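> Sharing a sequence plus its predicted fold:
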Amino acid sequence: MGRSTERRLIGLTGGIATGKSTVATYLQDYYDIPILDADVYARDAVQVNSPILRAIANRYGPEILQADGSLNRGALGDIIFNNHKEKAWVENQIHPYVKQCFLMELVKLHQMPMVILVIPLLFEAELTDWVREIWVVTCSPANQLKRLMTRNGLSRDQSLARIASQMSLTDKVARAHIVLANDQTVESLHDQIDQALLKSVGLC
């Protein structure tokens with residue numbers, strides 16, 4: 001999909017546990033802007049009995065599933081966040097489904113002047129040409145680590161492995177049109193979002 005000259009398509013990205021969901025929720029609740037979230041589609045891709053989940057179970061064995069047949073996300077995370085080859089394999093199963101979901105939803109929203117695409121792997125999956133603006137949510141490494149450990153109930157080593165598996169925040173910030181710093185209060189973050197919406201930028 002090429003860039004749109006009619007709609008303001010914003011790619012919202014950042015590192016794990018930096019606050020992307022907080023930004024998206026504010027944009028949706030306060031401004032009523034449609035949000036398309038790659039993580040939501042990725043979860044749908046591996047719902048019980050889906051072809052993608054069956055492929056994952058065939059590769060890693062039945063222990064990758066919970067008793068109810070759903071994906072054991074913790075077990076899969078321990079595999080892919082410590083093995084780049086396996087991470088790439090899993091992403092290759094899920095990404096086509098996620099991309100198709102985005103395309104279908106963008107068609108449905110063709111009359112909306114602004115749409116937010118929340119894509120954690122916007123750069124890694126080379127999807128920057130899908131959007132006209134890139135917003136990166138960032139925070140200090142210490143805050144990122146603390147938030148991830150608290151939110152996901154992970155150990156320090158598990159959290160560091162997940163952070164290390166992603167493109168660095170420094171590199172993402174360098175490629176952003178808008179940087180939202182999430183190290184202070186929620187109100188401060190909201191103020192930055194308000195200001196960002198007043199700007200009109202596009203990819204060069």
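Received, thanks.
> Domain map for the chain?
As assigned by automatic domain parsing, the chain contains the domains 1-34+112-204, 41-108.
> ranking these by burial, who's on top?
Among those, domain 1-34+112-204 has the highest mean neighbour count (mean count of other CB atoms under 10 Å), at a mean of 17. The way it works is simple: take the backbone N, C-alpha and C, and place the C-beta from them, glycine included.
> before we move on, the earlier item: rank the domains of the chain by pLDDT, which is bottom?
Among those, domain 1-34+112-204 has the lowest mean pLDDT, at a mean of 92.
> can you give me the helices in the chain?
Taking DSSP state H as the test, the helices found in the chain are 20-31, 38-45, 51-60, 73-80, 84-108, 141-152, 156-164, 169-174, 186-198.
> Point out the one among those helices that comes closest to F123.
Closest to F123 of these is helix 169-174 (CB to CB; 6.2 Å).
> what packs against the closest one?
For helix 169-174, the packing partners by 3 or more CB pairs under 8 Å, 6 or more residues apart in numbering; DSSP states H and E come out as strand 8-14, strand 133-138.
> Try it again at 10 Å.
Packing partners of helix 169-174 (3 or more CB pairs under 10 Å, 6 or more residues apart in numbering; DSSP states H and E): strand 8-14, strand 133-138, helix 141-152, strand 178-181.
> what residue is smack in the middle of this structure?
Taking CA atoms, centre = their mean as the criterion, P120 is the residue nearest the geometric centre of the chain, at 2.5 Å.
> Got the phi and psi for that residue?
Recorded main-chain torsions at P120 are phi -50, psi -40, according to degrees, to the nearest 10.
> just checking, it touches A24?
No. The criterion here is CB atoms under 10 Å, and P120 misses it with A24 at 11.3 Å.
> Overlap in contacts, those two.
Common neighbours of P120 and A24, counting by CB atoms under 10 Å, 6 or more residues apart in numbering, are 12, 37, 39.
> need those in TSV with distance to V179, can you?
As requested, those are exported to TSV (distance: CB to CB, whole Å):
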residue	distance to V179
L12	12
D37	20
D39	21
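> quick one: which of those is nearest R175?
Ranked by distance to R175 (CB to CB), the shared contacts of P120 and A24 are led by L12 at 13.5 Å.
> Now do stretch 76-83: everything it contacts.
For stretch 76-83, contacts defined as CB under 10 Å, 6+ apart pick out 16, 46, 56, 59-60, 64-65, 72, 86-91, 152, 154, 157-166.
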